[in-house]
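[1] Following is a predicted model, sequence given first.
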Amino acid sequence: MGKHSASSSGGGLGGAPWSPRRARRARVEPVRPSPEPIDERPLPRSRRVGLGEALPKPTGFLRERRGQILKQLFLGVLAAAMVLAAAGAAYAFFFVRGVEREMTREVREIDPKITEVLTKPKEPEEPFTILLLGVDKRFGETVARTDTIILARVDTTQKRIWLVSIPRDTRAEIPGKGVDKINVAAYGGYPAVIETVERLMDVEINHFMAVNFRGFQGVVDALGGIWIDVDTEIDDWKAASHSPGHRAKHIEPGYQKLDGEYALTFVRSRDFPDADFARMRHQQAFFKALVKQSARLGNVPKLPGMVKQFSKNVSTDMTFSQILSVASSLFGMPDGNMQTATLSGEWRSPYVYPDEEKLAALSKAINEGGDIEEKPVAPKDIEPAEVTVIIRNGSGYAGVAADAGGRLESLGYKVGDVGNAGQFVYDSTMVIYKTHEGAARAVAADLGVSKVVESRGMYDFGSDVLVVVGRDWQRQAVMNRLTVPED
C-alpha cells in the first residue's frame, strides 16, 4: 500500500484515522460599527513582552554586551558618515573648481585685459555694478554678437537689484573707433564693451558676465521650464533660428510654461512694432520670473544641473564663491525689490539717440540707488476737440478702423485720415504718441484700451495721436457700443 493509503495507521498529523468530509460554506459575520470612536478605544495589549508591559532588567552580561553592540553600531555609522562626508566634500570641491575654471577661462586665458578695465568694489558688502551681456556665439566663431546689454546695480544688504536695458542700436562713443551702434563695441572684445557702457552711462563697472544664448536655453530646461505671461502672439522664424525646423517660432499669448527652446524665442524676438524695446520688456519680465522661480525650495535639487549648464556658456570675472555669496544674500528678496527700466530714445536711422534726461536719471539711480521703474503718467484734463487723431487698421478685419474713428468722433475728437496699416500683424490695439502723452492716454481711456506707446521715431504720422486697431477690437467694440453716448 502506498504511504498515503486511507488504511494507513499513521492517520494524520495526530495519528487518528482520516476520513474525508465535505467542505462547509463558511459564515462571515457582518462587521458592525464600534460604539466607541477609534481614537478613544484602548490599544490592544501584546501577549508578549512589549506593549504595556515592563521589560525584564538586563543582567550585567547583557548590559555589557548591549553596550558593545551600541558602540560598534555608533562607530560604524560614524565611519560611514565620514566616508560620505569626505566623498561629498571631494565631489563638491572638484565640482566647484571645475565650474569656476570654466566660467573664468575667458578672463584668465583669452582676454585678461577684462580685469584691468573693471573697477574693484571698495568694500565687499557695498553695492556693486555688473554688466550683463547676452551674446549669440555660434560654433567656430571667434567674435560674438552682443544682442542684449543690461547694466545692473546689486545691493545685497538691502536685497535690491536695478536693471537698465540698453538698446543695441544706441548711438555711443566707442573707444578707439568713434561713434557707432553700441553693440559694434563687441568687435573690440569685452573690454571695449565695458569701457563703452561706462562712458555712456557715466558709471564705474565692477563685474561683468556674458551669457551665450545656448546656456540660457540649458538653464531653463534644467529648471523644468519657466512660467511667464506672454503679452502678445509671437510668430518669428528668425528668433527661432536655434530651433530645428523653426518649430519654436510661434508662441500663443497667455500665462504658460516655456521650455528652453520656446523661452529663447521669447527673449530673442524683435518682430514687433517697437522692435528692440518690446524685446527688452520681454527680457526683463523673463529675468524676473527666472530669478523668482529658481529661488523656490522645490527647485533646489535642480540647481547642480542648472549650474553645470550655466558654467558651460558663461564668461565672468566673478568666482563661484562670490556668485554663491551674492545669491544667498539675495535669497528671499521681495518681489518689488527688483526694478527694471530701459534707456529710451528716438530712432533716427541708423541709431537710437538716447533721451538725455532719461540717461541722466538712470545714471544717477545706478550710482546712488533710487527708483527707476517707469510709472504711468496720469492723463491731465484733455479737451477732445483739441486732439487730432489718425486711425489705421492693423488687424485686417473690415470696418474696425471706421468703428474706432466713429467712437472718437462721437466723443468730440478731431479724427483725420482713416485707413489701413502697412501690415495686418497687430494683435492688440495701440495708441501711439510723439510728444502728447496726456492726449494719448485720454484717447486710450475713451477707447477702453491699455497699450500706450511712445513713437520714438518708428511711426510716421502728422497728428497728435495715432491709433492702430488690432485684432482685439472686435470684442472691445461690443463693450464700447454699450457706453457710446446718445446724440
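    Received the coordinates, thanks. The structure presented is a predicted model; accordingly, all values stated were derived computationally and were not measured. Numbering: from 1, shown residues only.
[2] Buried residues, the strand or helix carrying residue 216. List them.
    Residue 216 belongs to helix 213-222 when assigned by DSSP states H and E. Buried residues in helix 213-222, counting neighbours by 16 or more other C-beta atoms under 10 Å, are found at 213, 214, 215, 216, 217, 218, 219, 220, 221, 222. Where C-beta positions appear, they are placed from N, C-alpha and C, glycine not excepted.
[3] swap in stretch 317-337?
    In stretch 317-337, counting by 16+ other C-beta under 10 Å, buried: 317, 318, 320, 323, 326, 330, 333.
[4] The closest residue to residue 225 other than its chain neighbours bridge partners, please.
    Distances taken as C-beta to C-beta, 6 or more residues apart in numbering put residue 257 closest to residue 225, at 4.3 Å, once the chain neighbours are dropped. In this entry, residue 257 is beta-bridged to residue 227, by DSSP bridges.
[5] re the thing from before, give me the subset of the buried residues of stretch 317-337 that lies in helices.
    320, 323, 326, 330 (DSSP state H).
[6] Same list (those residues) but as CSV, adding pLDDT and distance to residue 227.
    Below are these laid out as CSV (pLDDT from 0 to 100; distance: C-beta to C-beta, whole Å):
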residue, pLDDT, distance to residue 227
320, 76, 28
323, 80, 24
326, 84, 24
330, 81, 20
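[7] Where is the longest strand in this protein?
    strand 145-155 (DSSP state E).
[8] Contacts made by it with the rest, please.
    127-137, 160-166, 168, 182-183, 185-186, 193, 197, 201, 203, 205, 213, 267-268, 280, 283, 326, 330, 365-366, 369 (C-beta atoms under 8 Å, 6 or more residues apart in numbering).
[9] do that again at 7 Å, thanks
    The contact list for strand 145-155 (C-beta atoms under 7 Å, 6 or more residues apart in numbering) reads 127-136, 161-166, 168, 182-183, 186, 193, 197, 201, 203, 283, 326, 366, 369.
[10] For that strand, list every residue counted as buried.
    Buried, per 16+ other C-beta under 10 Å, within strand 145-155: 146, 147, 148, 149, 150, 151, 152, 153, 154, 155.
[11] Between which two of the residues you listed is the distance greatest?
    Across the buried residues of strand 145-155, the longest distance by C-beta to C-beta is 27.2 Å; it joins 147 and 155.
[12] what mean pLDDT would you report for stretch 166-182?
    In this model, stretch 166-182 carries a mean pLDDT of 92.
[13] Buried residues of it, list them for me.
    166, 167, 168, 169, 170, 171, 172, 174, 180, 181, 182.
[14] same thing with stretch 449-463?
    So stretch 449-463, judged by 16+ other C-beta under 10 Å, has buried residues 449, 451, 452, 453, 454, 455, 456, 458, 459, 461, 463.
[15] Send me it as CSV with only the CA atoms.
    C-alpha atoms of stretch 449-463 as CSV (Å, rounded to 0.1, in the frame of the first residue of the first chain):
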residue,chain,number,x,y,z
VAL,A,449,-7.6,100.0,-24.4
SER,A,450,-4.4,99.9,-22.3
LYS,A,451,-1.5,99.9,-24.7
VAL,A,452,0.0,103.4,-25.0
VAL,A,453,3.4,103.5,-26.9
GLU,A,454,5.9,106.3,-27.5
SER,A,455,6.7,106.6,-31.2
ARG,A,456,10.5,107.1,-30.8
GLY,A,457,10.7,107.9,-34.5
MET,A,458,9.4,104.4,-35.5
TYR,A,459,6.0,105.7,-36.7
ASP,A,460,5.3,108.4,-39.2
PHE,A,461,2.1,110.4,-38.6
GLY,A,462,1.2,114.0,-38.6
SER,A,463,-1.4,114.1,-35.8
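[16] Sketch out the low-pLDDT regions of the stretch 251-400 of the chain for me.
    Applying pLDDT under 70 to the stretch 251-400 of the chain flags the ranges 295-311, 373-380.
[17] one more time with 90, if that's ok
    Low-confidence segments of the stretch 251-400 of the chain (pLDDT under 90): 252-256, 264, 267-352, 355, 357-358, 369-383, 394-399.
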